[in-house]
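A.B. asks: Sequence plus predicted model, see below.
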Amino acid sequence: MSLKWVDVQEIAIQLAEAHPDVDPRHVNFVALRNMAMALPGFDDHPDRCGEKVLEAIQALWIEEAD
């Protein structure tokens, strides 16, 4: 499965699974962007990601972690 920036829910789920010991509330956007791009199957251009996308991913990751 190929992950794109629009797949915010799936990215959040995979981040929660890949980093169970990380509190997403304390991840800055630079680190979050890098962690998302490092996920297996991630295949999108880094420039297609903006602050709103990262905010959405972080919010959903927080929900997954709770």
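C.D. replies: That came in fine, so what should we check first?
A.B. asks: On the pLDDT front, check Leu60 for me.
C.D. replies: pLDDT, Leu60: 98.
A.B. asks: If you could redo that for Met37, that was the one I meant.
C.D. replies: Met37 is assigned 97 on the pLDDT scale.
A.B. asks: Same question for Asp66.
C.D. replies: The confidence metric pLDDT takes the value 86 at Asp66.
A.B. asks: That one and Ala16, how far apart?
C.D. replies: According to C-beta to C-beta, to the nearest Å, Asp66 and Ala16 sit 10 Å apart. For the C-beta atoms, the positions are set from N, CA and C on the backbone; glycine is no exception.
A.B. asks: Between these two, point out the one with more neighbours.
C.D. replies: Using other C-beta atoms under 10 Å as the criterion, Asp66 and Ala16 rank with Ala16 on top: 18 against 7.
A.B. asks: Do I have it right that that one meets Glu64?
C.D. replies: Yes. Using C-beta atoms under 8 Å as the test, Ala16 is close enough to Glu64 to be in contact (3.8 Å).
A.B. asks: For the protein, which segments are assigned as helices?
C.D. replies: Taking DSSP state H as the test, the helices found in the chain are 8-18, 29-37, 51-65.
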